[in-house]
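>>> How does the following fold in three dimensions:
(one chain, ligands or ions: 1)
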Amino acid sequence: MTIGILKEIHDHRVVMLPEIVKTFVNMHVSVIVEQGAGEKAFAKDEEYKAVGATIATREEVYTQADILAKITPFTSEELRLLKPGQMIIAILNPLANKAYVEELMQRNVTAFGLDVVPRTTRAQAMDVLSSMATVAGYKAVLTAANTLSKFFPMFMTAAGTIKPSKVLILGAGVAGLQAIATSRKLGGVVEVFDVRAAVKEEVMSLGAKFVEVEGATDDSSAGGYAVEQTEAFKAKQAQAIHDSAVKSNVVICTAQIPGRPAPLLLKKETVEEMTPGSVIVDLASSTGGNCELTRDNETIVHKGVTIIGNSNFASELPTSASRMFGTNVLNFLKLIIDKEGKLNLNFEDDIVKGTCVTHGGQVMSERVKSFLH
Ligand code: NAD
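Numbers count the residues shown, from 1 in each chain. This next block holds a predicted model:
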């Protein structure tokens, strides 16, 4: 069994750092690494070699590996390089792109999508969305603090007292909770909105205020995710968010609904009433953003308010993000590689089946299937 590690094109992370490669080598798995794959995450080719990997060209990795691993989705061009029977593992966004899933089926690829790992307790150690959301929530707050025109914490100095910054966090999932923790560590005063009442206690335990809006649709069958809300709820929530946002110095947007555009929570009129010098960081920008003015991968200034649209903060913390991602991949691959280093695809295992987007020309994951219909 040979695992191939590919270099990311527009991302600073690498799917596995040398420390993870070492574990695979100890499991009798060969690892072949594309030249310079770890460079931007500060992992040198020599370090991979030192733990037993082979360094090769991109073409050689595609030719020799049984499982090809990367972080970002394989492009159509990359899929064309695959040989029959090869496997791929990456973030694949199957819930956002039907045509892509069809292409995987047509090419007869065995494709594992780390972004559809089931959200069960056993699968937590394989959940790259959680790991990357942790990085994003942290980095979003640091970026906001760095851009903001005032201090985060309260200061009592001979030059007077400075009030702490007010932070509004939209969505208290993994990224939102990390954003609360980081904002609190910096001394911010934090208010939080989410449609899932289950997060209230967690929000409060991190020292933030949970703003409740009555009438949310909270669907326990959605696997821990949020669902679309009614128009009546949206109107009530919009007013409450407006009232909180205009008093805030920082807004961190993290609200998402899998397979759908991000909910629009922050209107243009609200931004225009915010204090100039304030900052909005929108982590949902790749799916449309929570703020009406957000532009994906751009920073704009609207009437003195800076709006940063960035859904890929994980790439800006490549060492920690790669370390977490690699650990998640290792934990997943241990389910399909046995102790002798041989492939053991057991589709009776709910995690293996749930993560497998396509195999033998068919969609395996029930969740992906239900999104296709
Ligand atoms: P996500 O990225 O899909 O969404 C972020 C947050 O936005 C969620 O908390 C969601 O409720 C909220 N949101 C959606 N629409 C909203 C709206 N209109 N207004 C306000 N908030 C809105 O979510 P996530 O961070 O990936 O995970 C959500 C939850 O899933 C976690 O908090 C956790 O409880 C659970 N989870 C479980 C596992 C596991 O068991 N393996 C792993 C990860 C997460």
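>>> Near the ligand, which residues of the stretch 51-200 of the chain are found?
Counting by C-beta under 6 Å from any ligand atom, the residues of the stretch 51-200 of the chain close to the ligand are 119-121, 123-124, 127, 129-130, 133, 170-176, 193-196, 199. For the C-beta atoms, the positions are set from N, CA and C on the backbone; glycine is no exception.
>>> What of the stretch 201-350 of the chain?
Residues of the stretch 201-350 of the chain lying close to the ligand (C-beta under 6 Å from any ligand atom) are 224-226, 229, 254-258, 263, 265.
>>> Any of those buried? List them.
For those, a burial check counting by 16 or more other C-beta atoms under 10 Å picks out 226, 229, 254-258, 263, 265.
>>> Which one of the residues you listed is nearest to residue 347?
Taking C-beta to C-beta as the measure, residue 347 lies nearest residue 258 of these, at 22.6 Å.
>>> still on that earlier bit, which ones among the residues of the stretch 51-200 of the chain next to the ligand map onto helices?
If you go by DSSP state H, those have 129-130, 133, 174-176 in helices.
>>> roughly how far apart are the residue of the chain found nearest the ligand and residue 165?
Residue of the chain nearest the ligand, by C-beta to the nearest ligand atom: residue 173 (2.1 Å). In this view, residue 173 and residue 165 are 22 Å apart by C-beta to C-beta, to the nearest Å.
>>> Show me which residues of the lowest-mean-pLDDT helix or strand in the chain are buried.
One helix or strand of the chain scores below all others by mean pLDDT, DSSP states H and E: helix 366-372, with a mean of 90. Buried residues in helix 366-372, counted by 16+ other C-beta under 10 Å: 367-368, 371.
>>> Quick check: end-to-end length of stretch 199-209?
End-to-end span of stretch 199-209 (C-alpha to C-alpha, to the nearest Å): 11 Å.
>>> circling back: filter the residues of the stretch 51-200 of the chain next to the ligand to the buried ones?
119, 123, 127, 129-130, 133, 170-176, 193-196, 199.
>>> what's the offset of stretch 336-356 from the middle of its chain?
The chain centre lies 24 Å from the centre of stretch 336-356; the measure is C-alpha atoms, centre = their mean, to the nearest Å.
>>> Rounded mean pLDDT for it, please.
What stretch 336-356 shows for mean pLDDT is 95.
>>> and if you look at stretch 136-154?
Here stretch 136-154 scores 97 as its mean pLDDT.
>>> Could you number the chain from 30 rather than 1 from now on?
All set: I'll call the first residue 30, so the last point we hit is now stretch 165-183.
>>> got the contact list for it?
For stretch 165-183, the surrounding residues in contact (C-beta atoms under 8 Å, 6 or more residues apart in numbering) are 190-194, 196, 203-208, 210-212, 215-217, 278-279, 281, 283, 306-308, 310, 312, 335, 337, 339-340, 342-343, 345-346.
>>> Buried ones among those?
Buried subset of the contacts of stretch 165-183 (neighbour count, 16+ other C-beta under 10 Å): 193-194, 196, 203-208, 210-212, 215, 217, 278-279, 281, 283, 307-308, 310, 312, 335, 337, 339-340, 342-343, 345-346.
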